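Enquirer: Below is the sequence, then the predicted model.
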Amino acid sequence: MFPSYEEIASWMPDLLGGLSISLQVTVLSLLFGIPFGLLLALGVLARNKALRAISLILVEVGRGAPALVLLQFIYFGLPGVGLTIESFAAAVIALAWNTGAYTSEIIRASLQSIAHGQREAAEALGLGRIDELRFVLMPQGLRVALPALLGFSILIFQGTSLCFTIALPELVSRAYEIGSTTFRYFPALLCAGALYACISIPAALLVEHVEKRASLYAQR
């Protein structure tokens, strides 16, 4: 039997509290992960072999290992070497690493997509490598990368659902708690899915709008 509206309404404070934690993890993961991705992208493009090798290792591990494995490694694995991290921080670190690894490839591809003539123009103006990156490559590259970065942000938000495995009281974890006390797992998880959709669908429409604007800009 499906629960009444009153019963579902009584679940909302817990579910919205879990959604708040999911959004906090998402924002912090992106806040740290995207700049980390930029650094990794620059490291992969660097001329220094050691820096390039370290950057490639971090990228390949972050992309090759599933987010769930990174979460388990940081939360359950690091205490084995004497480093204990609470669940919220572990979730942010793991998802920021995952974000950095994937967005580094997005940013690197965007930087490399800039016409070679732009680089030649920067050299003709006497710009150094840092100024060329700052004033010529970065503004254009990040504009190209923006739609893909926004799309990946939605995936990270949805990926926070994995954090219930490390005892973080996010949205899915709260839904499971409700299910365990009421034995109504299906409606509780359905409500959680509806809350994810309330965030993901408008965000996806925003990404589509940004992609269209970027496409129009590129055709000018």
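Expert: Now that the structure is in, tell me what you want to look at. Numbering: from 1, shown residues only.
Enquirer: Pull up the per-residue confidence for residue 143.
Expert: Looking at residue 143, its pLDDT stands at 83.
Enquirer: Also the one 4 residues further on?
Expert: The model reports residue 147 with a pLDDT of 88.
Enquirer: Residue 207 is in contact with that one, correct?
Expert: Yes: Residue 147 lies in contact with residue 207 (Cβ atoms under 8 Å); the separation is 6.0 Å. For every residue, glycine as well, the C-beta is placed using N, CA and C.
Enquirer: What are the buried residues along the helix or strand containing residue 149?
Expert: Assigning secondary structure by DSSP states H and E places residue 149 in helix 138-159. Using 16 or more other Cβ atoms under 10 Å as the test for burial, helix 138-159 gives 138, 140-141, 144-154, 156-157, 159.
Enquirer: cool, stretch 109-129 as well?
Expert: Neighbour-count burial for stretch 109-129, counted by 16+ other Cβ under 10 Å, picks out 110, 111, 114, 122, 127.
Enquirer: Give me the contacts around the helix holding residue 149.
Expert: 22-23, 26, 29-30, 33-34, 67, 95, 98-99, 102-103, 106-107, 109-111, 113-114, 118, 196, 199-200, 203-204, 206-207, 210-211, 214, 217-218 (Cβ atoms under 8 Å, 6 or more residues apart in numbering).
Enquirer: Would you show me how to pick out the buried ones of these in PyMOL?
Expert: Burial among the contacts of helix 138-159 is assessed by 16+ other Cβ under 10 Å; the matching PyMOL selection reads:
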select buried, resi 22+26+29+30+33+34+67+95+98+99+102+103+106+107+110+111+114+196+199+207+210+214
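Enquirer: As PDB, could you dump the C-alpha coordinates of the helix holding residue 149?
Expert: Taking Å, rounded to 0.1, in the frame of the first residue of the first chain, the C-alpha atoms of helix 138-159 are listed here in PDB:
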ATOM      1  CA  MET A 138      42.300  30.400 -20.800                       C
ATOM      2  CA  PRO A 139      39.400  32.800 -21.700                       C
ATOM      3  CA  GLN A 140      38.700  31.100 -24.900                       C
ATOM      4  CA  GLY A 141      39.300  27.500 -23.700                       C
ATOM      5  CA  LEU A 142      37.100  27.800 -20.600                       C
ATOM      6  CA  ARG A 143      34.300  29.300 -22.800                       C
ATOM      7  CA  VAL A 144      34.500  26.200 -25.000                       C
ATOM      8  CA  ALA A 145      34.700  23.900 -21.900                       C
ATOM      9  CA  LEU A 146      31.800  25.400 -20.000                       C
ATOM     10  CA  PRO A 147      28.900  23.300 -21.400                       C
ATOM     11  CA  ALA A 148      30.800  20.100 -20.800                       C
ATOM     12  CA  LEU A 149      31.800  21.200 -17.300                       C
ATOM     13  CA  LEU A 150      28.200  22.000 -16.400                       C
ATOM     14  CA  GLY A 151      27.100  18.700 -17.700                       C
ATOM     15  CA  PHE A 152      29.700  16.900 -15.600                       C
ATOM     16  CA  SER A 153      28.500  18.800 -12.600                       C
ATOM     17  CA  ILE A 154      25.100  17.100 -12.900                       C
ATOM     18  CA  LEU A 155      26.900  13.700 -12.900                       C
ATOM     19  CA  ILE A 156      28.800  14.600  -9.700                       C
ATOM     20  CA  PHE A 157      25.500  15.600  -8.000                       C
ATOM     21  CA  GLN A 158      24.000  12.300  -9.000                       C
ATOM     22  CA  GLY A 159      27.200  10.600  -7.900                       C
END
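Enquirer: Right, I'll leave it there.
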